[in-house]
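# Could you look at this predicted model? Sequence included:
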Amino acid sequence: MISNSSKIPGEITRFAPSPSGRLHLGHAHSALFAAQAADPGGRFLLRIEDIDVARCRPEFEAAIYRDLAWLGLEWEQPVLRQSERFDLYRDALRQLEARDLIYPCFCTRKEIAAEIAAAGAAPHGPDGPLYPGTCRRRSVAERRRRLEGGEAHAWRLDLAKAMEQVGPLTWHERGQGPQQAQPQLLGDVVLARKDVPTSYHLAVVLDDAAQGVTLVTRGRDLFVATHVHRLLQALLDLPVPEWRHHDLISDASGQRLAKRHDALSLAALRDAGLAPAEVRAKAGFPERA
Ligand code: GLU
């Protein structure tokens with residue numbers, strides 16, 4: 001929970017689930033955490049992160065609204081849906097392309113894995129080996145030829161160039177203090193996937209800015225992503241919020257909750273007869289006396 005000492009009144013926070021499965025206790029914790037951080041006097045917003053058009057489904061989105069309302073949460077309308085904002089993401093991408101800060105990447109996952117294996121000792125980030133930069137080294141002529149030939153491609157950030165352009169950056173973790181931005185931990189991240197004109201990283205910074213979010217609250221698993229988000233904010237001249245990464249809740253065996261833990265979905269708990277207050281307590285938010 002957010003301690004009172006690190007709370008600022010009038011905060012704008014958001015909960016940003018992906019409608020690719022049912023919400024579980026971990027989501028409830030995250031949503032309640034964000035709502036509590038906006039209280040008192042702030043605004044709690046909801047954002048549907050549905051860029052993954054193959055995995056997201058309308059019935060999961062409808063279930064998100066039902067589950068959150070059942071938990072007793074209220075959020076502002078309209079709800080922002082990322083699938084309606086592809087043009088905006090494309091514009092930002094074109095801006096970065098015009099500044100030569102991104103490059104098309106034609107690699108398949110298999111090719112990347114093979115390249116890494118062949119290199120022997122590839123640099124590793126917290127999420128595994130970093131992209132080895134294969135497509136960054138292609139000539140302008142080759143890039144143009146392959147793009148014109150309609151070859152499937154993602155767009156990656158040219159990290160070294162981007163970092164050089166903005167210089168050292170810091171960001172603020174609420175309750176912990178200033179953090180030196182280390183976007184090199186994730187390397188040349190994908191900013192637009194082969195199938196959609198954005199990626200999680202690009203959409204999240206543009207949308208947090210569009211929604212006027214002042215405090216980004218989310219799980220500790222996304223702490224490292226924040227280094228990249230801070231860099232993107234600097235490149236795109238976006239306002240810089242503060243962050244508060246909360247602990248992840250785990251199940252009885254100490255395993256982190258993921259969407260596949262269907263038994264702990266909010267729907268399953270509700271069907272088992274639990275009351276909203278009991279689920280809020282399980283999610284780490286017992287009622288105040
Ligand atoms: N959509 C992300 C998720 O469901 C959350 C992203 C964020 O809060 O920045 O894990």
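Structure's in. What do you need? Residues are numbered from 1 along each chain as shown.
# What parts of the chain come near the ligand?
The interface of the chain toward the ligand, taken as CB under 6 Å from any ligand atom, is made up of 16-18, 49, 204, 218, 222. C-beta: built from backbone N, CA, C; applies to glycine.
# export those to a markdown table and tack on pLDDT?
Compiled in a markdown table, those are given as follows (pLDDT from 0 to 100):
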| residue | pLDDT |
| --- | --- |
| 16 | 98 |
| 17 | 98 |
| 18 | 97 |
| 49 | 98 |
| 204 | 98 |
| 218 | 98 |
| 222 | 97 |
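# and those, which are buried?
Buried members of those, scored by 16 or more other CB atoms under 10 Å, are 16-18, 49, 204, 218.
# Strands - which of the residues of the chain next to the ligand land there?
The strands, defined by DSSP state E, take in residue 218 from the residues of the chain next to the ligand.
# Just name the closest of the residues of the chain next to the ligand to residue 236, please.
Distance to residue 236 across the residues of the chain next to the ligand (CB to CB) is lowest for residue 204, with 12.0 Å.
# who touches that closest one in this structure?
16, 49, 225, 229 (CB atoms under 8 Å, 6 or more residues apart in numbering).
# neighbours of the residue lying closest to the third one once chain neighbours are set aside, just the number please.
Meaning residue 225. Using CB to CB, 6 or more residues apart in numbering and skipping residues adjacent in sequence, the residue nearest residue 225 is residue 201, 6.6 Å away. Using other CB atoms under 10 Å, residue 201 has 20 neighbouring residues.
# surely residue 201 meets residue 191?
Yes: Residue 201 lies in contact with residue 191 (CB atoms under 8 Å); the separation is 6.4 Å.
# Spit out the residues that contact the two alike.
residue 232.
# Which phi and psi values does residue 215 adopt?
The phi/psi pair for residue 215 (degrees, to the nearest 10) reads phi -130, psi 110.
# Just give the closest residue to it, not the sequence neighbours.
residue 11 (4.8 Å).
# one step back: restricted to helices, list the residues of the chain next to the ligand.
residue 204 (DSSP state H).
# next one: phi and psi at residue 104?
Residue torsions, per degrees, to the nearest 10, at residue 104 are phi -70, psi 140.
# State the phi and psi torsions of the closest residue to it other than its chain neighbours.
Closest residue to residue 104 apart from its sequence neighbours, by CB to CB, 6+ apart: residue 153 at 4.1 Å. Torsion angles at residue 153 (phi, psi; degrees, to the nearest 10) stand at phi -150, psi 150.
# My understanding was that residue 153 contacts residue 138; is that so?
No: if you go by CB under 8 Å, residue 153 and residue 138 don't touch, sitting 10.7 Å apart.
# Figure out how far the helix or strand hosting the residue nearest to residue 225 is from the centre of its chain.
Using DSSP states H and E, residue 201 falls within helix 200-210. Its chain's C-alpha centre and that of helix 200-210 lie 8 Å apart, by CA atoms, centre = their mean, to the nearest Å.
# So which bits of it are buried?
200-209.
# Dump that helix to PDB, restricted to CA.
What follows is helix 200-210, C-alpha atoms only, in PDB (Å, rounded to 0.1, in the frame of the first residue of the first chain):
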ATOM      1  CA  TYR A 200       3.700  -1.500 -25.300                       C
ATOM      2  CA  HIS A 201       6.600   1.000 -24.700                       C
ATOM      3  CA  LEU A 202       5.500   3.600 -27.200                       C
ATOM      4  CA  ALA A 203       1.800   3.400 -26.500                       C
ATOM      5  CA  VAL A 204       2.200   3.600 -22.800                       C
ATOM      6  CA  VAL A 205       4.200   6.800 -22.800                       C
ATOM      7  CA  LEU A 206       2.000   8.500 -25.400                       C
ATOM      8  CA  ASP A 207      -1.100   7.600 -23.500                       C
ATOM      9  CA  ASP A 208       0.100   8.400 -20.000                       C
ATOM     10  CA  ALA A 209       0.900  11.900 -21.400                       C
ATOM     11  CA  ALA A 210      -2.500  12.100 -23.200                       C
END
